[in-house]
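Asks: when you get a sec, could you give me coordinates for this:
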Amino acid sequence: MMAGSRWLEQARVLGRALRATPRSAGGLLVVGTPDYEPWHVTAHLDDESRLSGIAELAPTLIRWSPPPGAPPHLSVGLARLEAARRGETLFVVAEDTAPVPLLERVNDARKTGATILALDNDDPELDALAHEALAVPESLSFDAGQHLVSAAAGERGSNARGRAGLRARIARLLDTVAGPSV
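Replies: Next up, the predicted model:
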């Protein structure tokens with residue numbers, strides 16, 4: 001199996017965990033680092049939640065410093081992360097190494113029973129705290145890795161039809177980004 005195929009299967013595993021571990025709507029919490037807000041993957045997960053009809057996949061973006069007057073969906077601060085509990089999933093999306101304050105909060109959330117998932121660029125400390133972690137390979141942009149994981153999260157089923165479904169979704173994504181092949 002090619003390395004890219006193995007990574008794609010790992011993205012599907014992380015996508016299934018994103019879909020299955022939150023036990024209620026609003027239970028998927030997405031956080032980045034102080035310098036990187038994962039709003040892009042949050043928007044895609046929200047789309048996947050609506051398209052797949054999976055309310056538990058609807059994310060809550062947690063921001064380090066929400067600006068005053070931000071709309072409600074963009075004004076959720078770290079207090080929400082600190083209130084994470086069993087039945088909720090904390091999805092940490094970190095393009096750079098997670099700083100100590102984030103690692104401490106993730107560890108606290110894990111201690112209270114939250115499921116920890118991570119998408120990063122091979123951050124050993126963050127990965128050690130996560131129940132499931134996936135490093136985006138150097139051959140793939142971090143943005144593309146987020147697209148693939150969010151598409152996998154919206155995929156239903158894990159049979160051969162599901163695989164074709166993910167491949168078709170990825171093909172549509174690539175057509176959207178790069179234009180259809182001739």
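Asks: so Ala144 is in which element?
Replies: Taking DSSP states H and E as the criterion, Ala144 maps to helix 142-154.
Asks: from the chain's centroid, how far away is that helix?
Replies: 8 Å (C-alpha atoms, centre = their mean, to the nearest Å).
Asks: same question for stretch 137-157.
Replies: With C-alpha atoms, centre = their mean, you get 9 Å for stretch 137-157.
Asks: swap in stretch 20-31?
Replies: 10 Å.
Asks: take it, keep the C-alpha atoms, and write them as CSV.
Replies: C-alpha atoms of stretch 20-31 as CSV (Å, rounded to 0.1, in the frame of the first residue of the first chain):
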residue,chain,number,x,y,z
ALA,A,20,-18.7,9.1,16.5
THR,A,21,-17.2,10.4,19.7
PRO,A,22,-19.3,13.5,20.5
ARG,A,23,-22.4,12.2,22.2
SER,A,24,-24.6,15.3,21.7
ALA,A,25,-24.9,18.3,19.4
GLY,A,26,-22.5,21.0,20.5
GLY,A,27,-20.1,18.4,21.9
LEU,A,28,-17.4,18.7,19.2
LEU,A,29,-15.1,21.5,20.3
VAL,A,30,-12.4,22.6,17.9
VAL,A,31,-9.4,24.6,19.1
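Asks: flag every buried residue along stretch 52-72.
Replies: 54, 56-64, 66 (16 or more other C-beta atoms under 10 Å). The way it works is simple: take the backbone N, C-alpha and C, and place the C-beta from them, glycine included.
Asks: okay, those residues in CSV with pLDDT and distance to Asp46 next?
Replies: Below are the buried residues of stretch 52-72 laid out as CSV (pLDDT from 0 to 100; distance: C-beta to C-beta, whole Å):
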residue, pLDDT, distance to Asp46
Ile54, 88, 11
Glu56, 90, 12
Leu57, 91, 8
Ala58, 92, 6
Pro59, 95, 6
Thr60, 94, 10
Leu61, 95, 9
Ile62, 95, 14
Arg63, 94, 15
Trp64, 94, 20
Pro66, 91, 17
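Asks: what strand or helix carries Leu18?
Replies: Counting by DSSP H and E, Leu18 is found in helix 3-20.
Asks: check which residues of that helix are buried.
Replies: 7-8, 10-12, 14-19.
Asks: rewinding a little: what's the farthest-apart pair in the buried residues of stretch 52-72?
Replies: Ile54 and Trp64 (27.4 Å; C-beta to C-beta).
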